[in-house]
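Colleague: Let's see this in three dimensions:
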Amino acid sequence: MNNFGEYLYKLRKKSKKTVKKITGQLQITPQYLNDLENNKRVPSSELLKRINDIYDLKDNDSKMLYDLAAKSYKSERVPIDIAEFIIENSNAKNEIRNLMKKYEK
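Modeller: Numbers count the residues shown, from 1 in each chain. Here you go, the predicted structure:
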């Protein structure tokens, strides 16, 4: 999968849900969904969580969703699920710093 929009479109088609059903569940307009699927907009962290929940994504699919969304920004960002986990967990911050030291050598 090359980009977030393609991935989101694939999820919708695979689910066989109508645009009306999906947009209702995501609490967005059909135009906003169209913009997301055509890579004209980048979803908020809240919307990403709703997408993840509505499509009931598991492991690799969930990672793909967050990774592709992070790449959608003009300057690539840390996937929001990872960023929020790090922010909320001081142990995670310390572990990541340890990993950084390990890989800097």
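
Colleague: Determine the longest helix present in the chain.
Modeller: If you go by DSSP state H, the chain has its longest helix at helix 90-104.

Colleague: if I pick residue 96, what's in contact with it?
Modeller: Listed by CB atoms under 8 Å, 6 or more residues apart in numbering, the contact set of residue 96 reads residue 86. The C-beta positions use only the backbone N, C-alpha and C, and glycine is treated the same way.

Colleague: Next: residue 70.
Modeller: By CB under 8 Å, 6+ apart, the residues touching residue 70 are 76, 77, 78, 79, 80.

Colleague: and the residues you listed, which of them are in helices?
Modeller: Short answer: the contacts of residue 70 in helices (DSSP H) are residue 80.

Colleague: Quick check: which of the contacts of residue 70 has the minimum pLDDT.
Modeller: Note: of the contacts of residue 70, the lowest pLDDT belongs to residue 76, at 75.

Colleague: Can you list the residue ranges for strands in the chain?
Modeller: For the chain, no strands are identified by DSSP state E.

Colleague: give me the low-pLDDT residue ranges for it?
Modeller: Within the chain, the stretches with pLDDT under 70 are 105.

Colleague: Mind jotting down where the helices sit in the protein?
Modeller: 4-15, 19-26, 30-37, 45-54, 59-71, 80-88, 90-104.

Colleague: hang on, residue 47 packs against residue 25?
Modeller: No. With contacts counted by CB atoms under 8 Å, residue 47 stays clear of residue 25, the gap being 11.2 Å.

Colleague: and these two? which has more neighbours close in?
Modeller: Neighbour comparison, residue 47 and residue 25: the larger count goes to residue 47, with 17 against 14 (by other CB atoms under 10 Å).

Colleague: Leaving out the residues flanking it, which one is nearest to that one?
Modeller: Once flanking residues are discounted, residue 47 sits nearest to residue 26: 6.6 Å by CB to CB, 6 or more residues apart in numbering.

Colleague: how many neighbours does residue 7 have?
Modeller: 19.
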